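*Asks:* have a look; sequence and predicted model below, questions after that.
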Number of protein chains: 4
Amino acid sequence: MTNQIFSRFTTQHKVRPDDIDMFNHVHSSKYLDYVLAARYEQMDVNYGMAMEDFLKMGYGWVVKTAKVNFKRPLTLSDFFLVTTGLTEIHKYGCRILFEITNPKTNKTSADGYFEFVMICLKTGKAEALTPPIIEKYSI
Amino acid sequence: MTNQIFSRFTTQHKVRPDDIDMFNHVHSSKYLDYVLAARYEQMDVNYGMAMEDFLKMGYGWVVKTAKVNFKRPLTLSDFFLVTTGLTEIHKYGCRILFEITNPKTNKTSADGYFEFVMICLKTGKAEALTPPIIEKYSI
Amino acid sequence: MTNQIFSRFTTQHKVRPDDIDMFNHVHSSKYLDYVLAARYEQMDVNYGMAMEDFLKMGYGWVVKTAKVNFKRPLTLSDFFLVTTGLTEIHKYGCRILFEITNPKTNKTSADGYFEFVMICLKTGKAEALTPPIIEKYSI
Amino acid sequence: MTNQIFSRFTTQHKVRPDDIDMFNHVHSSKYLDYVLAARYEQMDVNYGMAMEDFLKMGYGWVVKTAKVNFKRPLTLSDFFLVTTGLTEIHKYGCRILFEITNPKTNKTSADGYFEFVMICLKTGKAEALTPPIIEKYSI
């Protein structure tokens, strides 16, 4: 495990109408999809190694653990900012902290963390991160 | 195109809480997913050639056209019946009629049709149905 | 029914990872959600009467019919343009044409139409469009 | 907080095709929806006070915290069992433990917990559980 301080990156997205549930706010499980969407964008734009690059190398990334604290609901047409950053790089994956904020109020909508594991697409099993991957992601 | 009369099959499912939208009924696009779920079950149980069998043979099925008439909304916890049946088998696919009914009222919730095309998973292109497939699905 | 020529508006969005299905392209029912998301934005930005304004007046909009022609699949991380325009305004609703194009290729990904009906949120029944609504939407 | 031992209940559901993602297994955020669907059923069948009963009383339930450990992926057409049980009843809500198992292998697919808070639908704020609610749910 590296003990480095890692960078944080922020992406802005917008709530889609199909994300709204019977309580007229964003459905709880959609926050996980929001983090994923932001992360995929940041892998491409900020780390320079997109999910598509991993797929071409025969790798995928799957969620091992997710913890989400729901603080203030997002609602129809809201924009939101997703800030994520690595906190640990392990042999087979990494831990990512996230915070979703509402730019209208500057308050936290949700926060938490994800543990991701890199897998080999052929076997479906965990695969050790290679040095080039670790280098690209240790910023 | 065969001109045969084909069988119809009915599957019962239940609305999930995450299917409900801001108008407190099932979100419009979920009806397409309901037809798909019923169809996959019927491919397995009624035709004896499941989607998994197609995948193993290197084939997939994609939607070419969908027409849905929304008649009476389904709501939280509703059970619903999905009846589907082939109306045509083409060289590369088939047309399926569907009707979703609410067993509580026996009234139509939605109906319409789907045009499906079989694809080769490697090329992503349309693939001609083989005689064994046509035979299995011409019931 | 008015016989006027109506304006068309275009909105750009991006595929989210949770939109991708087992065939590694955008899941068929998500295209309906894409049209809805674009339309909600255009109601706000281009017509000046957002869905939120309708909700405050006690009205909602539901889909009566949807027809979608799937032409070229969108895939992970694709941007897409959704162009929509009214073709008819009825007593209780309207018909909207849409086209989703991929800006990378300038080719059509999907097209079709939606029939929408305005409902009273209290009764859930169709409600006649008021003159101010017709005026705002007859551009 | 009560210190009682609470009952556990199990519900069986089936993976829908629209739950499958680009890695050919159930998309991570869908497991939260699976727990929710099971819980709604158990509220009705096992506790005798369904979500619809809460809605009629002017109450809703929202997720405050979710923790999910993803252990073995579910795939297309899999059946799964969702076992849930209360571990604590608080003034404004409760904590629920869950385990999703695959009946084919009898192994855990995912487990974790949810913290739920009861809200007043009018204000959107947390509302203290009433004695009849506590009684119904203290089994």
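*Replies:* That came through fine.

*Asks:* so in chain A, which strand runs the longest?
*Replies:* Criterion DSSP state E: the longest strand present in chain A is strand A:107-120.

*Asks:* buried ones in that one?
*Replies:* Going by neighbour count (16 or more other CB atoms under 10 Å in any protein chain shown), the buried part of strand A:107-120 is A:S109, A:A110, A:D111, A:G112, A:Y113, A:F114, A:E115, A:F116, A:V117, A:M118, A:I119. To be clear about C-beta, it is placed using only N, CA and C from the backbone, and glycine gets the same treatment.

*Asks:* so which elements touch the helix or strand encompassing A:Q12?
*Replies:* Assigned by DSSP states H and E, A:Q12 belongs to strand A:8-14. Strand A:8-14 sits against helix A:30-45, strand A:79-89, with contacts defined as 3 or more CB pairs under 8 Å, 6 or more residues apart in numbering or on different chains; DSSP states H and E.

*Asks:* whichever helix or strand comes after the last one packs against which elements?
*Replies:* Beyond strand A:79-89 on the C-terminal side, the first helix or strand identified by DSSP H and E is strand A:93-102. Here strand A:93-102 touches helix A:30-45, strand A:79-89, strand A:107-120, going by 3+ CB pairs under 8 Å, 6+ apart.

*Asks:* what are the pairing partners of strand A:93-102, and which direction each?
*Replies:* According to DSSP bridges, the neighbouring strands of strand A:93-102, each with its direction, are strand A:79-89 (antiparallel), strand A:107-120 (antiparallel).

*Asks:* doesn't A:P132 belong to a helix?
*Replies:* Yes. Assessed by DSSP: H, G, I helix; E, B strand; the rest coil, A:P132 belongs to a helix.

*Asks:* beta partners of the closest residue to A:F6 other than its chain neighbours?
*Replies:* Distance criterion CB to CB, 6 or more residues apart in numbering or on different chains; nearest residue to A:F6, sequence neighbours excluded, is A:L86 at 4.0 Å. A:L86 forms beta bridges with A:I96, as assigned by DSSP bridges.

*Asks:* A:F70 too?
*Replies:* Here A:F70 shows beta-bridge partners A:A110, assigned using DSSP bridges.

*Asks:* can you count the residues close to it?
*Replies:* A:F70 has 23 neighbouring residues, counting by other CB atoms under 10 Å in any protein chain shown.

*Asks:* ok, the residue sitting furthest away from the middle of chain A - contacts?
*Replies:* Distance to the chain centre peaks in chain A at A:M22, reaching 25.7 Å (criterion: CA atoms, centre = their mean). For A:M22, the contact set (CB atoms under 8 Å, 6 or more residues apart in numbering or on different chains) comprises B:P17, B:I20, B:D21, B:M22, B:N24, B:L76, D:G60.

*Asks:* widest-spaced pair of these?
*Replies:* Distance extremes for the contacts of A:M22: the farthest pair is B:D21 and D:G60 at 15.0 Å, using CB to CB.

*Asks:* those two - which one has more neighbours?
*Replies:* Summary of the neighbour comparison: B:D21 and D:G60, criterion other CB under 10 Å, with B:D21 having more neighbours (23 against 18).

*Asks:* distance of that one relative to B:L74?
*Replies:* From B:D21 over to B:L74 the distance is 11 Å, taken as CB to CB, to the nearest Å.

*Asks:* before we move on, what about A:V45?
*Replies:* For A:V45, the distance to B:L74 equals 41 Å [CB to CB].

*Asks:* so for the two, which residue has more residues nearby?
*Replies:* Ranked by neighbour count (other CB under 10 Å), A:V45 and B:L74 place B:L74 first, with 23 against 11.

*Asks:* I figured that one hits B:N102, correct?
*Replies:* Yes. Counting by CB atoms under 8 Å, B:L74 sits close enough to B:N102 to count as a contact (6.5 Å).

*Asks:* overlap in contacts, the two.
*Replies:* Among the neighbours of B:L74, those also in contact with B:N102 (CB under 8 Å, 6+ apart) are B:F80, B:S109.

*Asks:* show me the shaky parts of chain A.
*Replies:* In the predicted model, chain A carries pLDDT under 70 at residues A:1-4.

*Asks:* go with 90
*Replies:* Residues of chain A that meet the criterion pLDDT under 90 lie in A:1-5.

*Asks:* most tightly packed of the helices and strands packed on strand A:8-14?
*Replies:* Each of the helices and strands packed on strand A:8-14 was given a mean neighbour count from mean count of other CB atoms under 10 Å in any protein chain shown, and the largest, a mean of 22, is that of helix A:30-45.

*Asks:* is chain C contacted by that helix?
*Replies:* Yes. Counting by CB under 8 Å from any CB of the partner chain, contacts between helix A:30-45 and chain C involve A:D33, A:L36, A:A37, A:Y40, A:E41, A:D44.

*Asks:* also near chain D: which of these, exactly?
*Replies:* Contacts with chain D within the residues of helix A:30-45 next to chain C, counted by CB under 8 Å from any CB: A:D33, A:L36.

*Asks:* closest one of the residues of helix A:30-45 next to chain C to A:V82?
*Replies:* The closest of those, once distances to A:V82 are taken by CB to CB, is A:A37, at 7.7 Å.

*Asks:* hmm, that closest one is touching C:I20, no?
*Replies:* No. In terms of CB under 8 Å, A:A37 does not count as a neighbour of C:I20; the distance is 11.0 Å.

*Asks:* in JSON lines: the strands paired with strand A:93-102, plus distance to A:L97.
*Replies:* Formatted as JSON lines, the strands paired with strand A:93-102 follow (distance: least, CB to CB, whole Å):
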{"stretch": "strand A:79-89", "distance to A:L97": "5"}
{"stretch": "strand A:107-120", "distance to A:L97": "5"}
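
*Asks:* what does stretch A:131-139 rub up against?
*Replies:* The contact list for stretch A:131-139, computed with CB under 8 Å, 6+ apart, reads A:2, A:4, A:6-7, A:46-49, A:86, A:89, A:94, A:118, A:129.

*Asks:* out of those, which are buried?
*Replies:* If we count by 16+ other CB under 10 Å, these have these buried: A:F6, A:N46, A:Y47, A:M49, A:L86, A:I89, A:C94, A:M118, A:L129.

*Asks:* just curious, which of those residues is nearest to D:F80?
*Replies:* D:F80 lies nearest to A:M118 out of these, by CB to CB, at 25.3 Å.

*Asks:* now do the contacts for the closest one.
*Replies:* Shown here is A:M118, whose contacts under the criterion CB under 8 Å, 6+ apart are A:F54, A:Y59, A:G60, A:W61, A:Y92, A:G93, A:A126, A:E127, A:A128, A:L129, A:I133.

*Asks:* for B:Q12, which of the helices and strands packed on strand A:93-102 is the nearest?
*Replies:* Set against B:Q12 and scored by CB to CB, the helices and strands packed on strand A:93-102 come closest in helix A:30-45, at 27.6 Å.

*Asks:* what about A:P131, neighbour count?
*Replies:* Here the number of neighbours of A:P131 (other CB under 10 Å) works out to 7.

*Asks:* how about A:N106?
*Replies:* For A:N106, the neighbour count with other CB under 10 Å is 8.

*Asks:* how much space separates it from D:S77?
*Replies:* When distances are taken as CB to CB, A:N106 and D:S77 turn out to be 45 Å apart.
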